[in-house]
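Colleague: I need the structure of the sequence given here:
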Amino acid sequence: MVSEVSARKAQLRREQHAAKRQDDGGPLAWRGWFDGSAHPNPGRLGIGALLLGPGGERIEISEAAGEGDSSDAEYAALTALLHAAVKLRPAQLLLFGDSQVVINDVLGTTVVKGLATQRAGVLALMEQLPQASLRWVPRHRNGEADRLSQMAIASLP
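Modeller: Here you go, the predicted structure:
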């Protein structure tokens, strides 16, 4: 199991480097953005994700996600986005998020203690999406996912 996880992390790192070289992923690529919010931090969680298909398809996720900290929220948002993508089986999927902690943890460049369960879940979902790559984007390029996560927080009693 450990060697499988290490191999998948190495594959994700290679895919990330390849994805950086090709900016848009091509005409058949699906694109997804995710963001999580904790109010206060730690506190109530809201997640947001947006999945866009090459034919104009649009799937939005905006949900309350229990209690935790910002990393829990980010991982929950990425997990929800991956569940939606697995149902679609896209030929290629580019994933974007503004949490360097979560992205580096998934890619294995910086492993964060306490996130092993979330990381394992994300890696298992990504195994089902062999053409998926994960990239960090600055917060200002993740506005729709942030908006959706804030909507989820605002809807909480």
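Colleague: what sits against Glu67?
Modeller: If you count contacts by Cβ atoms under 8 Å, 6 or more residues apart in numbering, Glu67 has them with Pro42, Gly43, Arg44, Leu45. In this view, the C-beta of every residue, glycine as well, is placed from N, C-alpha and C.
Colleague: do Glu60 as well
Modeller: Gly48, Ala49, Leu50, Leu51, Leu148.
Colleague: now, of these, which are buried?
Modeller: With burial judged by 16 or more other Cβ atoms under 10 Å, the buried subset of the contacts of Glu60 is Gly48, Ala49, Leu50, Leu51, Leu148.
Colleague: so which of those sit within strands?
Modeller: Under the assignment DSSP state E, those contribute Gly48, Ala49, Leu50, Leu51 to strands.
Colleague: distance to Arg139 and pLDDT added to those residues, as TSV?
Modeller: Putting these into TSV (distance: Cβ to Cβ, whole Å; pLDDT from 0 to 100) gives the following:
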residue	distance to Arg139	pLDDT
Gly48	13	98
Ala49	15	98
Leu50	15	98
Leu51	19	98
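Colleague: closest one of these to Gln92?
Modeller: Using Cβ to Cβ, Leu51 comes nearest to Gln92 of those, at 12.9 Å.
Colleague: quick check: the closest one touching Ile59?
Modeller: Yes: when contacts are counted by Cβ atoms under 8 Å, Leu51 is listed as touching Ile59 (4.2 Å).
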